[in-house]
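Q: predicted coordinates and the sequence they were generated for:
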Amino acid sequence: MPDDTPFTDEEPMMEKEGAPSGDGAAPNVDGSNGTGAATANGADESDASLVSEEIAALQAQLKDASDKHLRLAADFDNYRRRVERDRADQLARAQTNLVKRLIEVMDDLERVAHHGDDNVSKQSLLDGVQLIERKLRQVLESAGLETVAADDARFDPQTMEAVASVPAEGPEEDDTVSDVFQKGYRFNGVLVRPARVRVRKHD
């Protein structure tokens, strides 16, 4: 028996696939359900906190390094001053010892210069002066005095001063010292006075 229900072109409206059900939250434009923004804010705050902690740690390290540098600089400055003071003290002691020994030589010289005995011979006086000369030389040499070797040596402009020249007998004598007018001296390796010499010259 034929169905008397009238046929219509209208089909029942189907729910579109993916349409939200009535009990779900409406999605955000970016597809999130609203919890993503809170998560992002929390992550930003965590990153900012980590950066702040790193900055604080670096500042502490910088302060510690600066303090160490200042302490080292102060220690070095104290060490430098102590070395300079010790060096000055050593020099003063060395000079004092030298002067003390020179005073003894001066005492001997005064005894000879102011000798009141008319019966003393010239030879005795000469022997006394030569003794004082040797004693003085020993004192100075022990302190670091050296004589520049110039007799018959080859002329050295670094340690000698030519004040005159004489003809050389042969080419082998050219630029050699003929006579020493005044001795030269070094003191602890430093030239105090050049030797003044006469030099042989070969034409």
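A: Yes, it's here. Numbers count the residues shown, from 1 in each chain.
Q: show the low-confidence segments of this protein, by residue range.
A: By pLDDT under 70, the weakly predicted segments of the chain are 1-43, 116-117.
Q: can I see the domain layout of it?
A: Split into domains by automatic domain parsing, the chain comes to 37-143, 146-203.
Q: helix or strand for residue 197, which one?
A: Assessed by DSSP states H and E, residue 197 sits inside strand 195-201.
Q: now residue 181
A: Using DSSP H and E, residue 181 falls in strand 177-182.
Q: what of residue 78?
A: Residue 78 belongs to helix 35-113, assigned by DSSP H and E.
Q: packing partners for the following helix or strand past that helix?
A: Sequence-wise, the next helix or strand beyond helix 35-113 is helix 122-143, with elements assigned using DSSP H and E. When contacts are defined as 3 or more Cβ pairs under 8 Å, 6 or more residues apart in numbering; DSSP states H and E, helix 122-143 packs onto helix 35-113. C-betas here are computed from N, CA, C, even on glycine.
Q: so what's the residue count around the closest residue in space to residue 160 that isn't next to it in sequence?
A: Spatial nearest neighbour of residue 160, excluding adjacent residues (Cβ to Cβ, 6 or more residues apart in numbering): residue 195 at 4.8 Å. Residues lying near residue 195 (other Cβ atoms under 10 Å) number 24.
Q: from residue 164, how far out is residue 195?
A: Distance of residue 195 to residue 164, computed by Cβ to Cβ, to the nearest Å: 13 Å.
Q: mean neighbour count, the domains of the chain: which tops it?
A: Of these, the one with the most neighbours on average (mean count of other Cβ atoms under 10 Å) is domain 146-203, at a mean of 15.
Q: confirm that residue 157 sits in a strand.
A: No. Secondary structure of residue 157 (DSSP: H, G, I helix; E, B strand; the rest coil): coil, not part of a strand.
Q: how much space between it and residue 46?
A: Residue 157 is 81 Å from residue 46, by Cβ to Cβ.
Q: residues in contact with stretch 107-115: which ones?
A: With contacts defined as Cβ atoms under 8 Å, 6 or more residues apart in numbering, stretch 107-115 is touched by 125, 128-129, 131-132, 135.
Q: just give me the closest of those to residue 77.
A: residue 135 (45.1 Å; Cβ to Cβ).
Q: need the nearest residue in space to the closest one, chain neighbours excluded.
A: Nearest to residue 135 is residue 105, by Cβ to Cβ, 6+ apart, at 5.4 Å.
Q: what does residue 101 give?
A: Closest residue to residue 101 apart from its sequence neighbours, by Cβ to Cβ, 6+ apart: residue 139 at 4.6 Å.
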